[in-house]
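Asks: Got a predicted model here, sequence first, then my questions.
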2 protein chains.
Amino acid sequence: PNQFCDKTMEIVRKTKKLGQDDPRRIVHSLKVGLALTLVSLFYYFKPLYDGFGDSAMWAVLTVVVVLEFSVGATLGKGFNRMLATFVAGGLGVGAHCLATLAGRKGEPILIATFVFIIAVIMTFMRFFPKMKARYDYGLLIFILTFCLVSVSGYRDDQVLKMAHERFSTILVGSCASLIVCICVCPVWIGEDLHNSVATNMEKLGNFFQAFGDEYFEVSAEHGQSSENNKSYLQGYRSVLTSKSSEETMANFARWEPGHGPFGYRHPWKMYLKIGNLTRDCAYKVEALNNYLNCKIQTPVEIRGKIQGQCKRVSLECSRALKEMASTFRKMVRTRSAIVHIDSSKEAAEELKTLLRTNLWEEADLLEIVPAASVASLLLEIIECIEKISEAVNE
Amino acid sequence: PNQFCDKTMEIVRKTKKLGQDDPRRIVHSLKVGLALTLVSLFYYFKPLYDGFGDSAMWAVLTVVVVLEFSVGATLGKGFNRMLATFVAGGLGVGAHCLATLAGRKGEPILIATFVFIIAVIMTFMRFFPKMKARYDYGLLIFILTFCLVSVSGYRDDQVLKMAHERFSTILVGSCASLIVCICVCPVWIGEDLHNSVATNMEKLGNFFQAFGDEYFEVSAEHGQSSENNKSYLQGYRSVLTSKSSEETMANFARWEPGHGPFGYRHPWKMYLKIGNLTRDCAYKVEALNNYLNCKIQTPVEIRGKIQGQCKRVSLECSRALKEMASTFRKMVRTRSAIVHIDSSKEAAEELKTLLRTNLWEEADLLEIVPAASVASLLLEIIECIEKISEAVNE
């Protein structure tokens, strides 16, 4: 019984955390409840749906399947579902008419052939990457509707009625989902993508903010600040694997109408470009992070010689990234990040001349390499950040 | 008309390529066609399905939705669909019975409340990462079936019949999909995961094979081999972003029964671990790749001094990785990769002593750093590879 109690508490804790992390999840659950209850009642009260008959349950089904977390996903699915049902319904009716010409015996053979051909072609089309990204669900529904309409036709010779009913109930369901999704606390996936790209830049900025202190003062005891620094230094790791989620978001975002600062044909592709550049930078950060936990470390006194310049480069990179993130977030076009990039370049030049003057003649090359690599990585990162800044300004 | 011709040719070319890249795609399309035609004919011929009535179309619907490319995905979806329909159908009947106790007026209110509560709870549960990974589809179907059964109940007072029909048609559809999916050229996603993990190791191995030559002989003209090398050097890039696809595959693979060399409870989690380690190694390879196109290059004569050792380390790493990939592919436990790791370690020790002897006293430190970093990265990569080899042997 105690174990059971623990398990329950664990679940309650997790649920609370899920809700607190993103309260929109709770709102979404309530929205689904609302939409479903509305459509169910519509189905429940007989007079209203007499025109539709039994197929009114398609409306319920549509709401469950179409109503997604974000507006973009809901619009994409709803549009796919409606278009596919409309086209496939028409084709199904056509196939039925053709098949009836073949007479009683030929009909099932002809219909089976049609179903087979359509299913094979549409299933294969789902493998095209471009189709998969935007119309995967539509192709599925296309197969489904075509089968249902063309096959059901024979039974009660009401093929047109079936096609019409199916289309109108799906229209009702899709519209109900869309209205609830857009009118009640809408979640714009484009906004999420926008924020996620900005947050990724910030995470890299946080890393550089903490990196200088961490690398050059490893030996010094900083009990208090290290906790905070650790989380700053680990934040970039999620950037490394953000590619697929960004692509999904961009795909959904394309369906969204203009809202707030985002126009209808907002250049979501640019977001992917910025995301890719940020990730390239994150790979370099990963390399930099390796030197924090390296076995062969450059002795502190040697590191001290390049400390000032390296710290400055790192700090200016951090400022540039954060500045870019904040202007990007606000969607203003300023050149304020350039100031930081320029001053990091200045520090980089100093660092280069410092490295040229063979400061460390007495030391072991093997021990110098880590610190020197850190310095040269920082130089490369400046270039990376410049590229990001160009992309952000586009 | 010419443009239209070009477009058509383009599509034909793409289609051919998709089919050639993975002929299983064509087979899958044919399988979907086959299963759908079978179920449609079953629905078409009246005598067979008279027991089911109109709801026989659920069987068609189930085939379209459940029949996926791989056995794991089909089993997962089919199982989710059957279990969710069974449980939700039962609950729906229960909710209906409870609601009827409340009398004519209370019934719609009570049913609406039930629908709302179930929809909210189930939708929220879909946000739990573990639920999302394995039971996302089941939760969706749960909401759907519960709504349909509990709401339809009032109309014809045939709630039990509805629940029973829905369940049995879905059973027929799921079983038809499963039989076609498993019996006709099955695609095991576990095998795909197995191959993809091995291929990723091979890609890194290819990189190391080409890296030594490419880095130390950039100046020399190798018109012929460079084409081949270029593709070897770029291959690792897909490893960087393979995380999410590996996770999806592992999720599906868990559903698959034992087949060939894979047992039912095959340790798919270990594959994710090996995948992560391989990716960590790929991040280092990305750092290494940067030095191939670096602006500040170490002069060739200086690089020449560490050429022998570096090339050997790189080559032995390549052999170790390829050896691991091939033993992993065959699922044999040999220690043959260890030999290569050991000999790469030997070369690494030589390299270390070489670096300690300050070979390059006359040179500019800034110019030495790239080559030295390459050397130290190679040293780190050996450790990485050792970790992978340990994980592979587990």
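Replies: That came through fine. Numbers count the residues shown, from 1 in each chain, chains lettered A, B, ... in the order given.
Asks: Can you pull the poorly scored residue ranges out of the stretch 201-350 of chain A?
Replies: Residues of the stretch 201-350 of chain A meeting the criterion pLDDT under 70: A:218-228, A:295-296.
Asks: Got phi/psi on residue A:262?
Replies: phi -100, psi 130 (degrees, to the nearest 10).
Asks: What residues are bridge-paired with it?
Replies: Note on residue A:262: beta-bridge partners by DSSP bridges are residue A:259.
Asks: Could you give the number of residues near it?
Replies: Per other Cβ atoms under 10 Å in any protein chain shown, the neighbour tally for residue A:262 reads 19. Glycine gets a C-beta too; all of them are placed from N, C-alpha and C.
Asks: The one 4 residues further on now?
Replies: Burial measure for residue A:266: 18 neighbouring residues, criterion other Cβ under 10 Å.
Asks: out of everything not next to it in sequence, what's closest to it?
Replies: Computed as Cβ to Cβ, 6 or more residues apart in numbering or on different chains, the closest residue to residue A:266 that is not its neighbour in sequence is residue A:190, at 6.4 Å.
Asks: by contact count, what packs against the helix or strand encompassing that neighbour?
Replies: Secondary-structure assignment from DSSP states H and E places residue A:190 in helix A:189-216. Counting contacts by 3 or more Cβ pairs under 8 Å, 6 or more residues apart in numbering or on different chains; DSSP states H and E, helix A:189-216 is packed against helix A:71-101, helix A:223-234, helix A:237-240, helix A:243-253, helix A:268-290, helix A:300-330.
Asks: So the fifth one, near chain B or not?
Replies: Yes: judged by Cβ under 8 Å from any Cβ of the partner chain, helix A:268-290 comes into contact with chain B at A:283, A:284, A:286, A:287, A:290.
Asks: could I get the helices and strands packed on helix A:189-216 as a markdown table with distance to residue A:26 and mean neighbour count?
Replies: Listed next are those as a markdown table, based on distance: least, Cβ to Cβ, whole Å; neighbours: other Cβ atoms under 10 Å in any protein chain shown:
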| stretch | distance to residue A:26 | mean neighbour count |
| --- | --- | --- |
| helix A:71-101 | 17 | 21 |
| helix A:223-234 | 26 | 13 |
| helix A:237-240 | 24 | 17 |
| helix A:243-253 | 21 | 20 |
| helix A:268-290 | 28 | 20 |
| helix A:300-330 | 25 | 20 |
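Asks: still on that earlier bit, residue A:264 is in contact with the residue nearest to residue A:266, correct?
Replies: No: applying Cβ atoms under 8 Å as the test, residue A:190 and residue A:264 come out as separate, 10.4 Å apart.
Asks: Between these two, which is the more surrounded one?
Replies: residue A:190 (26 against 9).
Asks: Now do the same contact list for the more buried one.
Replies: By Cβ atoms under 8 Å, 6 or more residues apart in numbering or on different chains, residue A:190 lies in contact with A:72, A:249, A:253, A:256, A:259, A:262, A:266, A:268.
Asks: pretty sure the fifth one is touching residue A:188, no?
Replies: Yes: using Cβ under 8 Å, residue A:259 is in contact with residue A:188, at 5.8 Å.
Asks: higher neighbour count, those two?
Replies: Neighbour count, other Cβ under 10 Å: between residue A:259 and residue A:188, residue A:188 has more, with 19 against 15.
Asks: residues in the stretch 101-250 of chain A within reach of chain B, list them.
Replies: A:108, A:111-112, A:115-117, A:119-121, A:123-124, A:127-128, A:140, A:143-144, A:147-148, A:151-152, A:154-155, A:240-241, A:243-245.
Asks: Mind checking which of those are in helices?
Replies: Judged by DSSP state H, helices contain the following of these: A:108, A:111-112, A:115-117, A:119-121, A:123-124, A:140, A:143-144, A:147-148, A:151-152, A:154-155, A:240, A:243-245.
Asks: In ChimeraX, select just the buried ones from those.
Replies: Selection command for ChimeraX covering only the buried members of these, criterion 16 or more other Cβ atoms under 10 Å in any protein chain shown:
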select /A:108,111,112,115,116,119,120,123,124,140,143,144,147,148,151,152,154,240,243
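Asks: Leaving out sequence neighbours, find the closest residue to residue A:393.
Replies: residue A:333 (6.2 Å).
Asks: And that neighbour, its phi and psi?
Replies: phi -100, psi 100.
Asks: what about it, neighbour count?
Replies: Using other Cβ under 10 Å, residue A:333 has 10 other residues around it.
Asks: Next, work out how far apart it and residue A:318 are.
Replies: Residue A:333 sits 21 Å away from residue A:318, going by Cβ to Cβ, to the nearest Å.
Asks: mind checking how far residue A:132 is from residue B:72?
Replies: According to Cβ to Cβ, residue A:132 and residue B:72 sit 19 Å apart.
Asks: now swap in residue A:90 and tell me
Replies: For residue A:90, the distance to residue B:72 - Cβ to Cβ - is 36 Å.
Asks: what's the answer for residue A:246, then?
Replies: Between residue A:246 and residue B:72 the distance is 26 Å, computed by Cβ to Cβ.
Asks: swap in residue A:102?
Replies: For residue A:102, the distance to residue B:72 - Cβ to Cβ - is 41 Å.
Asks: do residue A:189 as well
Replies: Residue A:189 is 28 Å from residue B:72, where distance means Cβ to Cβ.
Asks: Which strands and helices lie in contact with the helix or strand hosting residue A:6?
Replies: Following DSSP H and E, one finds residue A:6 within helix A:2-21. Helices and strands touching helix A:2-21, by 3+ Cβ pairs under 8 Å, 6+ apart, are helix A:24-44, helix B:103-125.
Asks: for it, what is the average pLDDT?
Replies: Averaging pLDDT along helix A:2-21 yields 88.
Asks: cool, stretch A:187-199 as well?
Replies: On average, stretch A:187-199 scores 90.
Asks: Pull out the buried positions in it.
Replies: By neighbour count with 16+ other Cβ under 10 Å, stretch A:187-199 contains the buried residues A:187, A:188, A:189, A:190, A:191, A:192, A:193, A:194, A:196, A:197, A:198.
Asks: same thing with stretch A:20-39?
Replies: So, applying 16+ other Cβ under 10 Å, buried residues of stretch A:20-39: A:24-39.
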